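J.: Sequence plus predicted model, see below.
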Amino acid sequence: MPAPAKLDLIPPELRAWLREALEARGFAEIVAVTEELNFRLQDCGLEVSIGKTAVGRFSKALKDQREAFSIAETLLSDMDIAAEGELHKVLVQMIATSAVQMIRAVREEDGHLEPKDLMALGRMVKDLMASSGLREKLLADERERVAREAREALQTELAAKLEAGVARGSVNAEAARAAREIMGFA
């Protein structure tokens, strides 16, 4: 198994700082950020040096992730709940296809699949499945709310018609009371 990436070995607070520094600088100024990171590592007493290539890859991954989230947010904001559910199904299929292709590529190259990559893929599928279940629940709740509002509107309309009938004298007050009890809104 290959050695872990140096960025994976630095303390979480320095990774958080790196993420914030890159975002603040628009994912640019890689050399300056790398120098600052290495100074911070020395100040912490760590004898590790991170190269600008590693920071550049990290910056690109963060930028790509931010763009993907932005695109997904734009797509989802324009959809209703039912369309979001369909999108989740498509995303799960795409992730499953990507996983199969990734495993096939590793097998053909007679290489090894990084456990970190496999865990990330598994976590992504798990999170997507969980959010898909949540979307289904939201859809069911929305249907229930619409049905309840329709029932309440119908009851209000029928009650108003009964009251109008009593006021006109076409419905006996006792018959209206009995009708309200029978219809469940007495």
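T.: Thanks, I have the structure now. Numbers count the residues shown, from 1 in each chain.

J.: Near V92, how many other residues are there?
T.: 15 (other C-beta atoms under 10 Å). To be clear about C-beta, it is placed using only N, CA and C from the backbone, and glycine gets the same treatment.

J.: does it belong to a helix or a strand, and which?
T.: Assigned by DSSP states H and E, V92 belongs to helix 81-108.

J.: which stretches of this structure have low pLDDT?
T.: 1-4, 72-73, 75-85, 88, 109-113, 131-132, 135, 186 (pLDDT under 70).

J.: For it, which segments are assigned as helices?
T.: Applying DSSP state H to the chain gives helices spanning 6-9, 12-24, 30-43, 52-77, 81-108, 115-168, 173-183.

J.: Go through the ones you listed and pick out the most buried.
T.: Mean neighbour count, computed with mean count of other C-beta atoms under 10 Å, is highest for helix 30-43 among those, reaching a mean of 16.

J.: Mind giving me the packing neighbours of that one?
T.: Helix 30-43 sits against helix 12-24, helix 52-77, with contacts defined as 3 or more C-beta pairs under 8 Å, 6 or more residues apart in numbering; DSSP states H and E.

J.: Of all those helices, which one is nearest P115?
T.: When the helices and strands packed on helix 30-43 are compared by C-beta to C-beta, helix 52-77 sits nearest P115, at 17.9 Å.

J.: so how far is that closest one from its chain's centroid?
T.: Centre-to-centre, helix 52-77 and its host chain are 15 Å apart (C-alpha atoms, centre = their mean, to the nearest Å).

J.: now do stretch 179-186
T.: With C-alpha atoms, centre = their mean, you get 45 Å for stretch 179-186.

J.: Only alpha carbons, please: show it as PDB.
T.: Output of stretch 179-186 as PDB, limited to C-alpha atoms (Å, rounded to 0.1, in the frame of the first residue of the first chain):
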ATOM      1  CA  ALA A 179     -75.300  17.000   9.000                       C
ATOM      2  CA  ARG A 180     -72.300  18.600  10.700                       C
ATOM      3  CA  GLU A 181     -71.900  15.700  13.100                       C
ATOM      4  CA  ILE A 182     -72.300  13.200  10.300                       C
ATOM      5  CA  MET A 183     -69.600  15.000   8.100                       C
ATOM      6  CA  GLY A 184     -67.300  15.300  11.100                       C
ATOM      7  CA  PHE A 185     -67.000  19.000  11.600                       C
ATOM      8  CA  ALA A 186     -69.600  19.600  14.300                       C
END
